[in-house]
Each structure stands twice: as structure tokens, then as C-alpha cells.
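Asker: kindly generate the corresponding structure for this input.
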Amino acid sequence: MANERAQDRRINFMIRVPEVRLIGPEGEQYGILGTSAALARAQEMGYDLVEISPNAQPPVCKIMDYGKFRFEEEKRMKDSRKKQKIIRVKEIKFRPITDDHDFEYKIRNGVKFLERGDKLKITIRFRGREMTHQDLGQRVINRVRELIQQSIAIIEERKPMFEGRNLIMILAPAKRVVRSANSAAHADEDFDDDEDEDLDEPLDEEDDDDDEENS
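Answerer: Have a look, this model is predicted:
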């Protein structure tokens with residue numbers, strides 16, 4: 001029988017109510033029995049007595065192989081996780097003045113991320129006196145949005161906003177691409193003029209900083 005000390009449900013001698021409504025391993029309805037009698041019947045069959053509806057009056061218990069039940073339940077949960085959509089936040093970074101070749105390269109990769117179903121964080125990084133020319137950053141971020149829109153329909157989830165010396169905008173694909181956990185295992189890249197920084201976006205979706213490789 002299953003180990004009684006490592007379960008989420010109460011089983012066997014952990015069930016301490018005086019009586020239960022008993023269901024057999026094939027769904028047989030045994031009615032209301034004393035808990036000790038119900039446990040004895042389960043033991044005679046070589047199974048466990050498992051409390052499945054603790055809030056019922058009296059609680060409902062079923063005779064089953066609890067070890068097998070736990071195994072099948074964990075397998076179902078694992079299969080369910082594999083089918084879940086994973087939405088990642090990718091980031092491309094610019095300076096207020098970025099050369100055309102580098103700019104186009106980053107736009108192409110931003111479009112690629114969105115086409116895969118990722119969200120895209122666009123960051124314009126200012127240094128020193130560049131903060132006195134914030135209009136340059138606004139022009140860059142507007143140009144980024146316009147060029148990306150020429151390739152894919154997008155939603156502006158977060159309008160351009162300053163965080164310290166960074167101007168940040170977040171885009172998402174208008175039509176979400178379904179991606180499973182298995183297909184998300186491929187390595188991704190973030191593109192930056194300087195050293196990569198960790199994403200600090202307070203979003204519910206999973207971030208992807210641990211999944212980078214150098215371009």
C-alpha cells in the first residue's frame with residue numbers, strides 16, 4: 001500500500017472520521033460504513049482507502065491503488081505542462097544614435113522574435129549628456145515601431161516610458177503564436193550595442209535571460 005506520510009490526500013489510517021461513504025475500485029457504491037470497516041475492506045482487496053471528498057457529510061472515500069493513482073496523476077500534469085504556451089520577453093537595445101546597418105539588423109531580429117510569439121522589449125539607452133536630447137530617443141523608438149509594423153501586426157502593450165536613463169516600450173504580436181515548452185528549448189539571442197543586461201520587466205510571462213547565446 002502507499003506510503004501514508006507523503007500524500008496530498010488523507011489515506012488509510014490518516015482518515016480519522018468515524019464513518020465514510022465508501023466507493024469500490026470499480027465505482028461500486030457500498031454506502032455509509034464505519035471508517036475502520038471501510039479500511040478493513042480496502043486491505044482485504046490489497047488496496048488503499050483514499051479520501052476523495054473530505055467536505056462531504058460524511059466524507060467520501062474510495063478504494064484504490066493510490067501509488068498507481070499518484071503516478072497517473074503526475075503523468076497527466078507533466079503532459080499538461082508540455083502543452084502550455086510559454087510567452088517570453090525578448091529585448092533589443094538601441095542608442096539615440098545607431099548606425100543604419102546595426103539598426104536594420106536589430107529590427108530583423110525583433111520581427112523574428114515577434115513572429116515566434118515572443119513579446120519584444122525595446123530599450124533606448126542614454127548616457128551622460130544624451131539625456132538632454134530625449135527627443136532623439138523618441139524618434140528612434142517611433143522608427144522601430146513603424147518598421148516592425150511593416151512586417152508584422154503588433155500590439156503596443158506598454159507605451160514608451162522612461163525608467164531612469166532608459167526609454168522602454170513593449171510590443172506583442174497581434175495574433176499570438178502557439179509555442180510549446182519543447183519548441184522553446186532552442187537558444188535565443190538579445191542584441192545590444194554594449195554588454196547584455198538582465199530584463200527587469202515586471203511581467204507575468206516567463207523571462208528568457210537564461211536562454212541567450214552570443215550572436
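
Asker: longest strand of this structure, counting residues only.
Answerer: Taking DSSP state E as the criterion, the chain has its longest strand at strand 154-163.

Asker: other SSEs contacting the helix-or-strand element of the chain with minimal mean pLDDT?
Answerer: The helix or strand of the chain with the poorest confidence is helix 66-83; it has a mean of 85 (mean pLDDT, DSSP states H and E). If contacts are counted by 3 or more C-beta pairs under 8 Å, 6 or more residues apart in numbering; DSSP states H and E, helix 66-83 sits against strand 48-53. (Glycine included, C-beta is placed from N, CA and C.)

Asker: in the strand it packs on, what's buried?
Answerer: If you call a residue buried by 16 or more other C-beta atoms under 10 Å, then strand 48-53 has these buried ones: 48, 49, 50, 51, 52.

Asker: return the helix or strand that it is followed by as CSV; C-alpha atoms alone will do.
Answerer: Proceeding N to C from strand 48-53, the next assigned helix or strand is strand 60-64, under DSSP states H and E. Only the C-alpha atoms of strand 60-64 are listed here, as CSV (Å, rounded to 0.1, in the frame of the first residue of the first chain):
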residue,chain,number,x,y,z
VAL,A,60,-16.4,10.1,0.6
CYS,A,61,-13.6,7.6,0.3
LYS,A,62,-12.7,5.3,-2.5
ILE,A,63,-10.8,2.0,-2.5
MET,A,64,-7.9,2.3,-5.0
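
Asker: please state the offset of strand 60-64 from the chain centre?
Answerer: Offset of strand 60-64 from its chain centre (C-alpha atoms, centre = their mean, to the nearest Å): 34 Å.

Asker: and that strand, what does it pack onto?
Answerer: strand 19-23, helix 35-45, strand 48-53.

Asker: sorry, back to before: got the angle for the least confident helix or strand of the chain vs strand 60-64?
Answerer: Counting by axes from the mean of the first three to the mean of the last three C-alpha atoms, to 10 degrees, helix 66-83 points 100 degrees away from the direction of strand 60-64.

Asker: following element in sequence after helix 66-83, please.
Answerer: Once the chain leaves helix 66-83, the next helix or strand it forms, by DSSP H and E, is strand 89-94.

Asker: what angle sits between the least confident helix or strand of the chain and helix 35-45?
Answerer: For helix 66-83 against helix 35-45, the angle by the same axes, to 10 degrees is 80 degrees.

Asker: off-centre distance for helix 66-83?
Answerer: Centroid separation between helix 66-83 and its chain, computed with C-alpha atoms, centre = their mean, is 18 Å.

Asker: and that helix, which residues are buried?
Answerer: For helix 66-83, the buried set under the neighbour-count rule, 16+ other C-beta under 10 Å, comprises 66, 69, 70.

Asker: separation between the last one and residue 139?
Answerer: With the distance defined as C-beta to C-beta, to the nearest Å, residue 70 ends up 59 Å from residue 139.

Asker: could you do the second one as well?
Answerer: Relative to residue 139, residue 69 is positioned 62 Å away (criterion: C-beta to C-beta).

Asker: residue with max distance from the center of the chain?
Answerer: residue 37 (45.0 Å; C-alpha atoms, centre = their mean).

Asker: for it, give me the pLDDT.
Answerer: pLDDT, residue 37: 95.

Asker: before we move on, the earlier item: to residue 154, which of the helices and strands packed on strand 60-64 lies closest?
Answerer: The closest of those to residue 154 is strand 48-53. By C-beta to C-beta, the value is 47.6 Å.
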